[in-house]
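**Student:** what's the 3D shape of this:
(one chain, ligands or ions: 2)
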Amino acid sequence: MPDTDLIFSKKHDQLKDFTFDRQVVEVFPDMISRSVPGYNTIIDTIGRLSQRYVTDNSSVYDLGCSLGAATSAMRKAILADNCKIIGIDNSPAMVERCKIHVNAFKGKTPVEIIEANILDVEITNASMVVINFTMQFIEPELRAQLINKIAQGLQPGGLLLLSEKITHPDQVCDQLLIDLHHDFKRANGYSDLEIAQKRTALENVMKPDSLDIHIDRLSTAGFNHIAPWFQCFNFFSLVAIK
Ligand SMILES: Nc1ncnc2c1ncn2[C@@H]1O[C@H](C[S@+](CC[C@H]([NH3+])C(=O)[O-])CC(=O)[O-])[C@@H](O)[C@H]1O
Ligand SMILES: O=C(O)C(=O)Cc1ccccc1
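**Tutor:** Ligands and ions are numbered 1, 2, ... in the order given. Next up is the predicted model:
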């Protein structure tokens, strides 16, 4: 059983911006599964997609890998030979714990976990790239350059899986999706105080785009086939094939 996320349960007089520090790492599996609708379905689907798309002698990237949930799902599912999975995260606390999780299992596909900014790493010879709820933490003006780099690093026919929190361009719909997400969190045991304080802590660090902006950015980068395959409230996941 993962530790319960109680980070925002007491009133904070001064809320700091949200960071992926040691305290968050301790409760992260509980936090993400109680906060992101469909998270487990998305992780399972990443595994299934890796079985279909990862090719022999290629690399697989997990950008913003946190504790390696997507990396581990892919490692279990990949059938291709002579591949490697490269998980990247810029939080030292996440990377330290991720290495422990990953090294606890043996698999035929080697995994390398690297502490780095995903904006700085090279992507080459990739058959699959996962960016699961990470781009929302990248400055919006740097997102196109990241997606262009991913498109260039993928082989023809390679697959990008992108999941994000989104905004809706219609204000009434946007508010409804936010309210439904907050209901989801409440149903998972978060109090109104926890929901409100986390929302404030995320305000300066998590900047969601609309689905249309994501799709335009991917088309401009040269992805030929784009399919949103999951949406629940203001969270979605899509596949983009080069
Ligand atoms: N510039 C950056 N470079 C590298 N890592 C970054 C950067 N910015 C943020 N991160 C990292 O991106 C991760 C985002 S969590 C991803 C969940 C995971 N994908 C999962 O499938 O469980 C999503 C969430 O918590 O909502 C954190 O570990 C950050 O340290
Ligand atoms: O909790 C939220 O409101 C979210 O938007 C998702 C989330 C999950 C884990 C860390 C940061 C944000």
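
**Student:** Lys99: neighbour count?
**Tutor:** 18 (other C-beta atoms under 10 Å). Just so you know, the C-beta spots here come from the backbone N, C-alpha and C atoms, and that holds for glycine as well.

**Student:** would you check that it makes contact with Glu112?
**Tutor:** No: under the criterion of C-beta atoms under 8 Å, Lys99 is not in contact with Glu112, lying 9.6 Å apart.

**Student:** so who does His168 touch?
**Tutor:** For His168, the contacting residues are Asp174, Leu177, Ser210, Asn234, by C-beta atoms under 8 Å, 6 or more residues apart in numbering.

**Student:** what number of residues lie near Pro208?
**Tutor:** Pro208, neighbours per other C-beta under 10 Å, totals 19.

**Student:** now it, nearest residue through space, not along the chain?
**Tutor:** Closest residue in space to Pro208, ignoring its immediate chain neighbours: Lys165 at 4.5 Å, by C-beta to C-beta, 6 or more residues apart in numbering.

**Student:** bridging residues for that neighbour?
**Tutor:** For Lys165, the beta-bridge partners under DSSP bridges are Phe235.

**Student:** what parts of this structure come near ligand 1?
**Tutor:** Residues of the chain lying close to ligand 1 (C-beta under 6 Å from any ligand atom) are 20, 32, 64-66, 69-70, 88-91, 94, 117-119, 132-134, 137-138.

**Student:** swap in 5 Å and give it another go.
**Tutor:** When proximity is defined by C-beta under 5 Å from any ligand atom, the chain lies next to ligand 1 at 20, 64, 66, 69-70, 89-91, 94, 117-118, 132-134, 137.

**Student:** among those residues, name the ones in strands.
**Tutor:** Asp89, Asn132 (DSSP state E).

**Student:** any of the residues of the chain next to ligand 1 buried? List them.
**Tutor:** Buried residues within the residues of the chain next to ligand 1, counting neighbours by 16 or more other C-beta atoms under 10 Å: 20, 64, 66, 69-70, 89-91, 94, 118, 132-134.

**Student:** the longest helix along the chain - contacts with which helices or strands?
**Tutor:** Using DSSP state H, we find that the single longest helix of the chain is helix 171-187. When contacts are defined as 3 or more C-beta pairs under 8 Å, 6 or more residues apart in numbering; DSSP states H and E, helix 171-187 packs onto helix 192-202.

**Student:** any idea how far Ser58 is from the residue of the chain found nearest ligand 2?
**Tutor:** With C-beta to the nearest ligand atom, the shortest gap between the chain and ligand 2 falls at Ser35, namely 3.4 Å. To Ser58, Ser35 is 33 Å away according to C-beta to C-beta, to the nearest Å.

**Student:** rewinding a little: and the contacts of His168 as TSV, adding neighbour count and distance to ligand 2?
**Tutor:** What follows is these, written out as TSV (neighbours: other C-beta atoms under 10 Å; distance: C-beta to the nearest ligand atom, whole Å):
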residue	neighbour count	distance to ligand 2
Asp174	16	14
Leu177	20	12
Ser210	14	16
Asn234	21	8
